[in-house]
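Q: Sequence first, predicted model second:
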Amino acid sequence: MRLDKFLKVSRIIKRRTLSKEMSEASRVKVNGKVAKPSTQLKIDDIIEVEFGRSILVVKVKELREHVLKDDSHMLYEIIEEKKKPEVTIL
């Protein structure tokens, strides 16, 4: 399954166009490498998504084309949620 579609189906990102834009802006990594929207995901891949000042790290548990909203959290496991360090300009 494509990265941009997985982010949308799992509801990590609400819209597929936004997930595509974030991937194109190098704000999404798969297994430690910057990923394109078309990157093909596999079970056990690690995805890092940069949201402003925070980074969400998840592990892919399941790949499905369609999921009900209540079941979307079953597609991934949250590994870590971390804050980006603030940069001080002197």
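A: Everything's here; your move. Residues are numbered from 1 along each chain as shown.
Q: where's the residue nearest the centre of the chain, which helix or strand?
A: Here the mean C-alpha position of the chain is nearest to the C-alpha of Val49 (Cα atoms, centre = their mean), at a distance of 4.6 Å. Element membership for Val49 (DSSP states H and E) is strand 46-51.
Q: Kindly provide the whole-number mean pLDDT of the next helix or strand after that strand.
A: Next along the chain after strand 46-51, taking DSSP H and E as the criterion, comes strand 54-60. Averaging pLDDT along strand 54-60 gives 94.
Q: Strand partners (parallel or antiparallel) of strand 54-60?
A: Strand 54-60 pairs in its sheet with strand 46-51 (antiparallel), strand 76-83 (antiparallel), by DSSP bridges.
Q: And the shortest one, how far out from the chain middle?
A: A distance of 5 Å separates the centroid of the chain from that of strand 46-51, by Cα atoms, centre = their mean, to the nearest Å.
Q: Just the buried residues of it, please?
A: For strand 46-51, burial by neighbour count (16 or more other Cβ atoms under 10 Å) applies to 47-49. All C-beta atoms are positioned from the backbone trio N, CA, C, and that covers glycine.
Q: Pull out the buried positions in the longest helix belonging to the chain.
A: In the chain, with assignment by DSSP state H, the single longest helix is helix 16-24. Within helix 16-24, the residues scored as buried using 16+ other Cβ under 10 Å are 16, 19-20, 22-23.
Q: what would those look like in CSV with pLDDT?
A: What follows is the buried residues of helix 16-24, written out as CSV (pLDDT from 0 to 100):
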residue, pLDDT
Arg16, 88
Ser19, 90
Lys20, 90
Met22, 91
Ser23, 90
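Q: quick revisit: kindly reformat the buried residues of strand 46-51 as a markdown table containing distance to Val34 and pLDDT.
A: A markdown table is the format used below for those (distance: Cβ to Cβ, whole Å; pLDDT from 0 to 100):
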| residue | distance to Val34 | pLDDT |
| --- | --- | --- |
| Ile47 | 12 | 95 |
| Glu48 | 10 | 94 |
| Val49 | 12 | 94 |
